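**Student:** Output the structure for:
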Amino acid sequence: MESHQHTHEHVHDNNRPHGHHHDPAEKKRQINRLSRLIGHLEYVKRMIENDEDCSAVLMQIAATRSALNGLGKQIINEHMMHCITHAIEEGDMAAVEEFQEAIQRYL
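**Tutor:** Residues are numbered from 1 along each chain as shown. A predicted model of the protein is given here:
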């Protein structure tokens, strides 16, 4: 199967666009991971609706939190390896600053 990168531009506060590159295979992995996470959260919701043991519910919440953190790490890594690398090559420091702010909020 041939892989094509999806590219689109973002315009930052300095009115300079920079290309935003996404690997379709990586995007698919992220969407699949998010779909599994959504299913897991729906399971937790059913557990609460069915008055299941609170300890078991908390364990499942911890598992979903861990999965969400893993997805966040995956997105951070992909963004650094592709989008931020391209932004630096293009001299778009606004994109780098925006990403730094996003990381601070994520943490």
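**Student:** how near is the closest residue to residue 34 other than its chain neighbours to residue 43?
**Tutor:** Residue nearest to residue 34 in three dimensions, not counting chain neighbours: residue 71, with 6.3 Å by Cβ to Cβ, 6 or more residues apart in numbering. Glycine gets a C-beta too; all of them are placed from N, C-alpha and C. Separation of residue 71 from residue 43 (Cβ to Cβ, to the nearest Å) stands at 17 Å.
**Student:** if we can go back for a sec, per-residue pLDDT of the residue nearest to residue 34, please?
**Tutor:** Per-residue confidence at residue 71 stands at 95 (pLDDT).
**Student:** do the same with residue 101
**Tutor:** 95.
**Student:** Which of residue 71 and residue 43 has more residues huddled nearby?
**Tutor:** residue 71 (16 against 12; other Cβ atoms under 10 Å).
**Student:** Enumerate every residue touching the more buried one.
**Tutor:** If a contact means Cβ atoms under 8 Å, 6 or more residues apart in numbering, then residue 71 has 30, 33-34, 37 as its contacts.
**Student:** What helix or strand is residue 87 located in?
**Tutor:** Assigned by DSSP states H and E, residue 87 belongs to helix 85-89.
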